[in-house]
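Trainee: Sequence below, structure please.
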Amino acid sequence: QVHLVESGGGLVQPGGSLRLSCEVSGVTLDRYVIGWIRQAPGKEREGVSSILGSTGGTYHNPSMKGRISISKDMAKNTVYLQMNSLQPDDSAIYYCTAETILSATMTRPTDFHWKGQGTQVTVSS
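Mentor: Model prediction:
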């Protein structure tokens with residue numbers, strides 16, 4: 001059973017940075033694609049980034065490229081999302097997702113089998 005717990009969200013000023021964490025339990029990363037998605041009130045769910053647990057291959061939403069990076073720590077079974085130059089439009093609940101390697105599409109982290117409870121990111125002055 002895959003269990004995902006996000007942390008690291010909060011209130012940040014425009015231009016600031018946050019690093020979100022997704023702790024994965026119940027399985028090891030090497031057989032999964034771990035992704036980040038976000039959803040803001042009144043907006044559609046949006047894929048942000050994903051990482052292949054076995055090789056570390058990554059995908060970033062082109063609209064956010066240059067501002068985000070995703071990484072993993074196999075020893076901690078944790079995936080991180082570093083976000084820089086945050087703007088008010090980045091405010092949303094950020095969710096960690098997981099899908100098996102065989103079923104996953106790297107460019108579609110919104111297609112998942114498991115999702116965490118989310119962490120709120122608010123960008124405001």
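
Trainee: Gly66: how many residues sit nearby?
Mentor: Residues contacting Gly66 under the criterion other CB atoms under 10 Å number 10. Backbone N, C-alpha and C define where each C-beta goes, glycine included.

Trainee: burial measure for Gly16, as a count.
Mentor: Gly16 has 15 nearby residues by other CB under 10 Å.

Trainee: give me every residue that touches it.
Mentor: Leu86, Val123 (CB atoms under 8 Å, 6 or more residues apart in numbering).

Trainee: What of Leu86?
Mentor: So Leu86 contacts Val12, Pro14, Gly15, Gly16, Ser17, Leu18, Arg67, Val121, Val123 (CB under 8 Å, 6+ apart).

Trainee: Now, of the residues you listed, which are buried?
Mentor: Buried members of the contacts of Leu86, counted by 16 or more other CB atoms under 10 Å: Val12, Leu18, Arg67, Val121, Val123.

Trainee: Not counting sequence-adjacent ones, nearest residue to the fourth one?
Mentor: To tie it back to what came earlier, the one meant is Val121. Nearest non-adjacent residue to Val121, counting by CB to CB, 6 or more residues apart in numbering: Gly9, 4.7 Å away.
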